[in-house]
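**Q** pasting the sequence and the predicted model now:
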Amino acid sequence: MRRALIVLAAVLLSGCVNEGASYMVADDPHHSISLLREQRWVWDDKIEQHVVVARYPECQSRYDIAGGVKGNVQIELFEARPMLYVLHQGRDWYALGTEECKLQRFDAPPDAANLRALGSFRYQGEQLGFVAAKAQ
């Protein structure tokens, strides 16, 4: 009976998503913006998404952002100025500050003229990653 429960649990959990990707600011592993994606139940296509803003040792914070769907993600990252970034997914826009590790949702899209495209979080084959703007 115990073995059957373990096999059943493995089958149910095998379809779940638990993945992440990071953008390293200026190639510094202590200064990053990361996207985490989690699917709680194999039968539910809903994906919870979180952003981790980090600048060690000063700060690290995790924030919930709008959910996604399994197998599809396209979240763009822009730089407004040093330590101030903009995250864009569909209709959702967020300001990310790495100076104090803060996140704030925009009510309206920001002025694109003041933003420099850094790249996007997306799948490369079956692997979630960050693709630099130059490589897109």
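**A** Perfect, I can see it now.
**Q** residues contacting the closest residue to Glu99 other than its chain neighbours?
**A** Computed as Cβ to Cβ, 6 or more residues apart in numbering, the closest residue to Glu99 that is not its neighbour in sequence is Met83, at 4.3 Å. Glycine gets a C-beta too; all of them are placed from N, C-alpha and C. Met83 makes contacts with 55, 97-99, as judged by Cβ atoms under 8 Å, 6 or more residues apart in numbering.
**Q** gap between Met83 and Ala66?
**A** To Ala66, Met83 is 23 Å away according to Cβ to Cβ, to the nearest Å.
**Q** kindly report the same for Ser32.
**A** For Ser32, the distance to Ala66 equals 21 Å [Cβ to Cβ].
**Q** try Lys134
**A** 27 Å.
**Q** and the two? which has more neighbours close in?
**A** More crowded of Lys134 and Ala66, by other Cβ atoms under 10 Å: Ala66, with 13 against 8.
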